[in-house]
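Peer 1: how would this look folded up:
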Amino acid sequence: MIQRPCQVFKTSRSVRSVPFAPLQRVLLAPRTLTKIWERFERLARFAVLVLGSMTLSFSVVTMAHAQTTSCSLLSGVVHDSTNAVIPGTSIQLDSLDPIFADSLGHFRLACVSPGGHILRISFAGFSPLSVNIKAPHSIELSITLKPEVVQTDVNVSDAEDTPAAQNSATSTGPSQSLSGNRLQTLADDPDDLLRELQQMSAAAGGNPANAVLSIDGFQSGDNNTTVPPKSSIGYIKVNSDLFSSEYRNPPFHGGQIEVYTKPGQKAFHGALFATNSSAWMNARDPFSVSRAAIGKQRYGFELTGPIRKDGSDFLLNLEHRSIDNFATVNAIGIDAAGTQTSIRQNVPSPQRLWIGMAKVDWQLGPKNTFMASFGAWHKHQENVGAGGTSLAEAAYDSEAYDHNVHLTDITTISSKIMHEARLGIEFDGTDQTPNSSAPQLQVSGAFTSGGNTSGAKRDHEIDVEYNDDAILSFSKHLIKFGSQFEFLRERFRYFNNFNGTWTFGGGSAPVLDASHNPTTQVQTITGVEQYVRALNGWAGGAATQYSNATGNPTINLTQYREALFFQDDWNILPNLHFAWGLRYYTQNKPMVHNNFNPRFGLAWSPGTSSTWTLHGHAGLYSGRFGAHNYAQILDMDGRERITSLVYTPSCPGSFDPNRCNAFSSATPVTSNRTIQPHMPNLFYGVENVGFSHTIAKHWSISADYFITQMWHYTRTENINSPIGDQPLGPRPLAPHQNILQWQASGRGYGNVLYMGFSNQSLKRIPFSFGAVRANIVDNTNDDPNFSPQMTGSNVGEYARRIGNPLWNVFGSTSAKLPLGMQLSANFNAQGQQVYNVTTGFDNNGDGNFNDRPFYAQSAAVCSSAMVTNCAYTTPWGLLSPSGSGATLPRNAGIVPWTFYLDGNLQRTFQLTHDPKGVHPQALIVNVRSSNALNHLNVTSVGGILGTPLFGKAYAGDNGRRLEVGLRYAF
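Peer 2: Coordinates of the predicted model:
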C-alpha cells in the first residue's frame, strides 16, 4: 500500500527526524557526565510535577545502562518512483530479524555497528532491493522501490548531495515535505519564507494567517510567527497529518507547519552570505504615486562542527536584516469647505532585525541523545499601522523580541520502545510607542488621523512548554501517546483608547438651507458630510460617537493548558491500514474541560499493483482560548478599567478634537466584557474521503473531500442592548451599559475539495500543482469578539470568513538550465476573499459599528418619507444606510484575485576539485524575486456605504521585489 496525502497515520517526530540521525553515535561519557545527566533528569521530573503536567513517560535509560559495544543510528524513508512513501516495508539488516517501516515510510535502526552492512528492503508488488551501506551513516537514507522483477544492488554514500538524499524532499497532495533542493527553492528572507509556508498550509482550506507554526516540536505560545534562519533548517513538513490525535487544529482551520533544524556535523563546515536589494531593482508599490527608496540588505554566517571527536556537535547561525520599506497612504482629506483632496504619501517604515540560533547535540550514550538550543530574535520597526486610510501620525514604533531555550532528550529504550521529552522556555514581548498621544479622529471611509489607539503598549510573556511522548513499535502496531503541557505568564500594560477616539460615521441629520440653517426635512448623511458640518459648527455636525478608557492599564494573566493524546496505527494487512486516536484537552481562564476528541482513519490499496489508494477519515476537534483574547475580557472589566461611549457629543463652535469635552453635556454609556456562565468549548466534526492514483510515466493524481460541522463557537453578543434602538433608552438589565458577553452561540458548516497532480520523477522539470475550494461558513467570523449586527438574530450572519479565500491555487517547479543554472518557482493564487459592507454608524445603538445597509425599493420612496439622498446604486442593487426590512448579508463584498509568483535563479561554482570531500568549498550566486509578476494584490477595499472609497481598492501588498545573493560555503 502507498501512503498518500491526508493519511491519518502518524509517527514520532524523532522517528523520522533527519536532524536526530547523526546524533545517535556512540559516546562512552565519563562518570561525571553521568552524574550531571542524572541531576538534570531529577530536576526535570520535579519541574513537571510542580507544573502539574500529566506526563506519560517511560523511564529514561541513562548512561549507567549503556551498552559496551560501539553503535550508531541508521534511519531512512522508503518510497516508490513517484516519491509516494510506502508504509509497512520490510527492512532487514544483515541476518537480523526484520523490522517494518511506519505509516510514513520511515524506519529506524537504533544500534548499528561500524563497518559494512547489507540492508534488504522488500514489499509486495515491488522488486526487492539490497543496499550496501557503511556505518556510521550521518544522513537519512532515501530508498526507492520499483515495480520490477529484477534484483538491484545500490551503493549509498555518505555525501549529502547524492540523488538518494535529494529524492526524499518531494511529496504530493496537500501534505508536503520540504528538504534538500525543494527547501532551497523557498525564500531566504524569514518573512517571505513564512508567507510561502503559510500559503502552502492553506492547501487544507484554512486562513494562511491561522497556520500553527512549531520549531523542533515546540509550538511556543499563541502567536508564534518567528522562523529560524533558513540556513539552520533541515526540513519542513506542511500539513503532515492533521487527523492525528497529536494535533489540535482541524484540517481547514489554518494548517500545520513543522520546522526542524539541522544537527551539527562531524566535520567543520560553515558559510558567509550577503544579499542586496536596491531601490532601482524594485517596482513601485501599488497606490503609490512615486517610486520610494525601497531596499533590503541581509548578511550573516553559519558554522557547524564537532565539539568532541564523537558524539557532540554544534550549530551556530546569525543574520541581520536592514529593510527600507514604505507604507502607502491612500486617503481622502476634507477641509471646512467640503473639498475632498486625495492624500497619497510614502511613509517610511524601516525595519532592523537580528535573528540567531545556537544548538548543541550531545550523545549521552548509545541510546540517549540530548539537544539544547537557544534562539534569539529582535525586531525594530517604525511607523507601524500607517498605510491605506491611516495617516503617519496614527502609527507607532515597535520593539519586539523573542528568546527561547529548547531542551530535548530522546531515549531508545529498545528496538521497540522510544521516549522523547521536550522542555521549552520562551521569553517574548512587544513594546509600542505611538507617534502621537492626541485623540484619534476617524472619518469613515476617508482618513484616520491623531494618535494610535494602542497607546504606549507593553506586552511581555513567559511561556513554558513541556511535551512528553512515548512510541511503541510492534509488528502490526505503531503506538504513540503523550502529554502536551503549557504554562503562560502574561504581563500587559494596555493603554488601549486612553487617548480617546472621535468617530464620524454619518447618520440622520437635518437638511440645511442655502444659509446652512436647519430645515424640517431629514436626510441621511455620510461621515464626510458630518465632519464638514462639525468643522463649520453647523447643525447635524456632532460626531457619531466619542469613546475612551480610563483606569489601571496593568493586566496580569496566568494560563495553564494540558492535552493528552493516544494514537494507534494498525497494519491490518499489507494493503489495509486502520488508525484511531483519542485526544483530551483542558485549560483555565476560561476553564474548559470534557474535551474528548476521537479520531479515525482507514486506507486501502486494492489489487497488487498498489497504484490506487483509497482513504477515509473522521474526527472531533476542540477549540482553544488564547491568552491575548482572554486579556481583552480583563481589559474591559468595568472595574479596573472603565470604557465609556458618548453618542452625538456636543462641541460648540468649530470642532477641535483636542479641546472638545465630550462628557460636558452628555450621558456616557459604559461597556464591559463578560463570559457566559459554564461556557462550553468549541467543537468541530470533520469527515473526509479521498484517493490517490499513480498513472503511466510516474504521474500522480489525488483528490480529497472534507465536510464539517461546528458548534458552540464563541462569539460576543450585547445582552443589554437598548430597546427601540435608542442608546440612552431603556435596557433589559442595567441603564446606560453595554454588556458584551462571550457566548457559545456560534455555528458553522461547510466543505472543502482538494485536487492535485504532480510528477517529481522528471529529471529536468519536476513539478506539483493543486487547487482547493473551501466553502466554510459560520456566524462568528472565527473571532470570539465578533458581534452580530443585532442581538439575538442570525439573519444574514452566516458567511465565509474574512481572510479565507474560496479558491486557493498553488504549484511549484524547478528546471535545470544550461551552464549549470537552476531556476525554481513557487506560485500561489487566492480568489474570492470577502469583505463586509457596513453603514459606517451604529443604527441600533448597541455600541458596534457593524450595521449593514438596507435594501431600498427606490429613491422615490425615500423622498416620500421626507428623507433625501438615502439610496445608493451598488453591485447589490439600491442600498440605504437607514430604513427597515431586509439588510445586505454579511461579508457580501468580493476582493480581487491575488497572484504571487516567487522565483529564484541560482548557479553554484565549485571551488574544490572534489565536491564530496570532507571540506568542499563552493560559491553560490542567486537572483531571487518575490511577486515576480508585479501583480496588484489588493488587501483592502472600501466597505462603508456612501464614502469616497466605497467599492474601491485602496491598499495592496508589495510590488515586485528583487535581490541578489552571494554565499560562500566551506
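
Peer 1: every contact and neighbour count from this point should use C-alpha atoms.
Peer 2: Noted.

Peer 1: this protein: helices as residue ranges?
Peer 2: Using DSSP state H, the helices of the chain run over residues 13-16, 31-51, 163-167, 180-184, 190-201, 527-536, 627-635, 859-864.

Peer 1: worst mean pLDDT among the ones you listed?
Peer 2: Sorting these by mean pLDDT places helix 163-167 lowest, at a mean of 27.

Peer 1: tally of neighbours for Ala734?
Peer 2: For Ala734, the neighbour count with other CA atoms under 10 Å is 12.

Peer 1: strands of the stretch 651-800 of the chain, start to end?
Peer 2: Listed in chain order, the strands of the stretch 651-800 of the chain (DSSP state E, counting those that start in this stretch) span 669-675, 683-694, 700-718, 737-759, 767-778, 799-800.

Peer 1: could the ones you listed go into TSV alongside mean neighbour count and mean pLDDT?
Peer 2: Converted to TSV, these look like this (neighbours: other CA atoms under 10 Å; pLDDT from 0 to 100):
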stretch	mean neighbour count	mean pLDDT
strand 669-675	20	94
strand 683-694	21	91
strand 700-718	22	92
strand 737-759	22	92
strand 767-778	22	91
strand 799-800	24	95
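
Peer 1: reformat these as JSON lines; add distance to Gly500.
Peer 2: Below are the strands of the stretch 651-800 of the chain laid out as JSON lines (distance: least, CA to CA, whole Å):
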{"stretch": "strand 669-675", "distance to Gly500": "14"}
{"stretch": "strand 683-694", "distance to Gly500": "38"}
{"stretch": "strand 700-718", "distance to Gly500": "22"}
{"stretch": "strand 737-759", "distance to Gly500": "18"}
{"stretch": "strand 767-778", "distance to Gly500": "33"}
{"stretch": "strand 799-800", "distance to Gly500": "32"}
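
Peer 1: tell me which of those strands sits nearest to Val212.
Peer 2: Proximity to Val212 (CA to CA) singles out strand 683-694 among these, at 16.9 Å.

Peer 1: wait, Asp635 touches Leu557, no?
Peer 2: No - using CA atoms under 8 Å as the test, Asp635 is too far from Leu557 to be in contact (11.1 Å).

Peer 1: comparing those two, which residue is more hemmed in?
Peer 2: Higher neighbour count among Asp635 and Leu557: Asp635, with 26 against 16, using other CA under 10 Å.

Peer 1: nearest residue to the more buried one in space, please, no chain neighbours.
Peer 2: Nearest residue to Asp635 in three dimensions, chain neighbours excluded: Arg641, at 6.5 Å (CA to CA, 6 or more residues apart in numbering).

Peer 1: how close does Leu923 get to Pro574?
Peer 2: 47 Å (CA to CA, to the nearest Å).

Peer 1: how near is Pro853 to Phe786?
Peer 2: In terms of CA to CA, Pro853 sits 18 Å off from Phe786.

Peer 1: comparing the two, which shows the higher neighbour count?
Peer 2: Between Pro853 and Phe786, Pro853 has the larger neighbour count (other CA under 10 Å), namely 26 against 17.

Peer 1: hey, what's Arg773 bridged with?
Peer 2: Leu753, Trp807 (DSSP bridges).

Peer 1: ditto for Gly748
Peer 2: Met710, Asp778.

Peer 1: how about Gly685?
Peer 2: On the basis of DSSP bridges, Gly685 is bridged to Leu620, Gln709.

Peer 1: the bottom helix or strand of this structure by mean pLDDT?
Peer 2: Of all helical and strand segments in the chain, the minimum by mean pLDDT, DSSP states H and E falls on helix 163-167, at a mean of 27.

Peer 1: if we can go back for a sec, list the residues that contact the residue nearest to Asp635.
Peer 2: With contact set as CA atoms under 8 Å, 6 or more residues apart in numbering, Arg641 has these partners: 549-553, 635.

Peer 1: and it, what pLDDT?
Peer 2: Per-residue confidence (pLDDT) for Arg641: 93.

Peer 1: any idea how far the spatially most central residue of the chain lies from Asp241?
Peer 2: Nearest residue to the geometric centre of the chain (CA atoms, centre = their mean): Ala211, 2.9 Å. As judged by CA to CA, Ala211 and Asp241 stand 14 Å apart.

Peer 1: ditto for Arg659
Peer 2: From Arg659 over to Asp241 (counting by CA to CA), the distance is 59 Å.

Peer 1: repeat that for Cys111.
Peer 2: Using CA to CA, Cys111 is found at 28 Å from Asp241.

Peer 1: under the pLDDT cut-off, which ranges of the stretch 101-250 of the chain? List them.
Peer 2: Within the stretch 101-250 of the chain, the stretches with pLDDT under 70 are 102-104, 110, 124-126, 136-140, 147-174, 220-225.

Peer 1: now the strands for it?
Peer 2: Along the stretch 101-250 of the chain, counting by DSSP E, counting those that start in this stretch, strands occupy 106-112, 115-122, 129-135, 141-144, 152-155, 176-179, 212-215, 233-238.

Peer 1: what helices or strands is the first one leaning on?
Peer 2: When you say that, I think you mean strand 106-112. Here strand 106-112 is seen to pack against helix 13-16, strand 72-79 when contacts are counted using 3 or more CA pairs under 8 Å, 6 or more residues apart in numbering; DSSP states H and E.

Peer 1: re the thing from before, need the buried ones from the contacts of Arg641 selected in PyMOL.
Peer 2: A single PyMOL command selects the buried members of the contacts of Arg641 (16 or more other CA atoms under 10 Å):
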select buried, resi 549+550+553+635
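
Peer 1: where along the stretch 401-550 of the chain do the strands fall?
Peer 2: 417-434, 440-443, 447-449, 458-473, 477-493, 501-504, 506-512, 518-526, 545-551.

Peer 1: the last one pairs with which strands?
Peer 2: By that I understand strand 545-551. strand 501-504 (antiparallel), strand 641-647 (antiparallel).

Peer 1: CA-only coordinates of it in PDB, if you can.
Peer 2: The C-alpha trace of strand 545-551 is given here as PDB (Å, rounded to 0.1, in the frame of the first residue of the first chain):
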ATOM      1  CA  GLN A 545     -19.600  58.800  18.900                       C
ATOM      2  CA  TYR A 546     -16.700  59.500  21.200                       C
ATOM      3  CA  SER A 547     -15.100  56.700  23.200                       C
ATOM      4  CA  ASN A 548     -12.300  56.400  25.700                       C
ATOM      5  CA  ALA A 549     -10.900  54.300  28.500                       C
ATOM      6  CA  THR A 550      -9.600  55.200  31.900                       C
ATOM      7  CA  GLY A 551      -8.200  53.400  34.900                       C
END
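
Peer 1: run through who's touching it.
Peer 2: Outside strand 545-551, the residues that reach it (CA under 8 Å, 6+ apart) are 495-504, 640-649, 662.

Peer 1: quick one: that strand to strand 506-512, angle?
Peer 2: On the basis of axes from the mean of the first three to the mean of the last three CA atoms, to 10 degrees, strand 545-551 is oriented at 130 degrees to strand 506-512.
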